[in-house]
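S.K.: quick one, structure for this:
(chains A, B, C and D)
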There are 2 protein chains.
Amino acid sequence: MRKTKPRQSEQCEQFEPHEEIIQTLVGKSLDEVTTQKMAEVFKVMGDPTRIAILHALKERELCVCDLSELLHMTPSAISHQLRILRHHDLVRYRKKGRSVFYHLADHHVITLFNQALDHIQEK
Amino acid sequence: MRKTKPRQSEQCEQFEPHEEIIQTLVGKSLDEVTTQKMAEVFKVMGDPTRIAILHALKERELCVCDLSELLHMTPSAISHQLRILRHHDLVRYRKKGRSVFYHLADHHVITLFNQALDHIQEK
DNA sequence: CCAAAATATGAATAATTATTCACATATTCA
DNA sequence: TGAATATGTGAATAATTATTCATATTTTGG
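M.R.: As a prediction, this is how the structure comes out:
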């Protein structure tokens, strides 16, 4: 979030049906915490590198250096992005020797991914 | 996107199974354009204001000033965000008199929205 | 046509963030 | 143990972006 939201009221002159509509919707609004969390999930998936990581992990679990080679990026860059995915519980990991293998956390991630793919391909 | 991706190769010493895995995955990778478009859809939904707008529009079509009142934000701020949603075809509009009424573009938006809601509520 | 209302937009600013670089930590194996 | 490998992380930087402010555009009613 950027700044605190400013107040403002009675934008429309034509208040006849509007005020009633607003009142009905206010009751159905998402609370701020939920809104924030929703935005965060999407924000996390809103980066090409993380999309590429998730797409690769849909196939199989991979270690940092696999991803690093596959995406032609430094292990450091990959690790930073994996941390973000980890912290939002989109991926989980398993340690094996010196390597750390990452995999998708749950089916929601895949469903979200595929829905977005449908959306952009439907044109 | 931020910068051009740097090259780097042979991250892992243990190249035995890795190289084979990488080659298999390279063939299944998303092309750059698709990856970018995917990320953009999510990025667009990755903002609390836009999430709140989309959630309101799930209920019914609304004009800029309705949204402005409902979300306690200036018409200008709302209009800027609606433009982004418009340009990515997440919302469409219909003009009526001085007002412009916005509505969700298609069912994918709702599905994406609800999937994300499921994800965050499942803990 | 004119004034007012509703929406749109460009520039500016403050905040966020993806990557790099340097370095730290952890793990294996000789 | 110590060197090497794999990964993690903090700070810095460049790029992106949400909101504000001022102003433009569009539409209606008189």
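S.K.: does stretch A:38-58 come close to DNA strand D?
M.R.: No: against DNA strand D, stretch A:38-58 shows no contacts by C-beta under 7 Å from any atom of the strand, the least distance being 8.0 Å. Where C-beta positions appear, they are placed from N, C-alpha and C, glycine not excepted.
S.K.: quick check: mean pLDDT of the helix or strand harbouring residue A:94?
M.R.: If you go by DSSP states H and E, residue A:94 is part of strand A:91-96. Summarised as a single mean, pLDDT over strand A:91-96 is 96.
S.K.: what does stretch A:34-43 give?
M.R.: When pLDDT is averaged along stretch A:34-43, the result is 97.
S.K.: alpha carbons of it, as CSV, please.
M.R.: The C-alpha coordinates for stretch A:34-43 follow below in CSV (Å, rounded to 0.1, in the frame of the first residue of the first chain):
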residue,chain,number,x,y,z
THR,A,34,-8.6,-9.6,3.1
THR,A,35,-8.3,-7.0,0.4
GLN,A,36,-4.6,-6.6,1.2
LYS,A,37,-3.9,-10.3,1.3
MET,A,38,-5.7,-10.8,-2.0
ALA,A,39,-3.6,-8.1,-3.6
GLU,A,40,-0.5,-9.6,-2.2
VAL,A,41,-1.1,-13.1,-3.7
PHE,A,42,-1.6,-11.5,-7.1
LYS,A,43,1.4,-9.2,-6.6
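S.K.: now the strands: where do they sit in chain A?
M.R.: Assigned by DSSP state E, chain A shows strands spanning A:62-63, A:91-96, A:99-104.
S.K.: what does stretch A:20-29 rub up against?
M.R.: B:52, B:55-56, B:59-60, B:62, B:66, B:69-70 (C-beta atoms under 8 Å, 6 or more residues apart in numbering or on different chains).
S.K.: selecting buried members of those residues in ChimeraX, what would you type?
M.R.: The buried subset of those, as determined by 16 or more other C-beta atoms under 10 Å in any protein chain shown, is captured in ChimeraX by this line:
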select /B:52,55,56,62,66,69,70
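S.K.: so which of the contacts of stretch A:20-29 reach chain A?
M.R.: B:52, B:55-56, B:59-60, B:62, B:66, B:69-70 (C-beta under 8 Å from any C-beta of the partner chain).
S.K.: for residue A:106, state which of those residues is nearest.
M.R.: residue B:55 (22.9 Å; C-beta to C-beta).
S.K.: and that closest one, how far is that from DNA strand C?
M.R.: 18 Å (C-beta to the nearest atom of the strand, to the nearest Å).
S.K.: phi, psi of the residue nearest to that residue when sequence neighbours are not counted?
M.R.: Excluding its sequence neighbours, the residue lying closest to residue B:55 (C-beta to C-beta, 6 or more residues apart in numbering or on different chains) is residue A:30, at 5.3 Å. Backbone torsions of residue A:30, given as degrees, to the nearest 10, read phi -70, psi 140.
S.K.: distance of residue A:30 from residue B:120?
M.R.: Distance of residue A:30 to residue B:120, computed by C-beta to C-beta, to the nearest Å: 11 Å.
S.K.: shared neighbours of the two, anything?
M.R.: residue A:38.
S.K.: surely residue A:66 is in contact with residue B:18?
M.R.: Yes: Residue A:66 is in contact with residue B:18 according to C-beta atoms under 8 Å; the separation is 5.9 Å.
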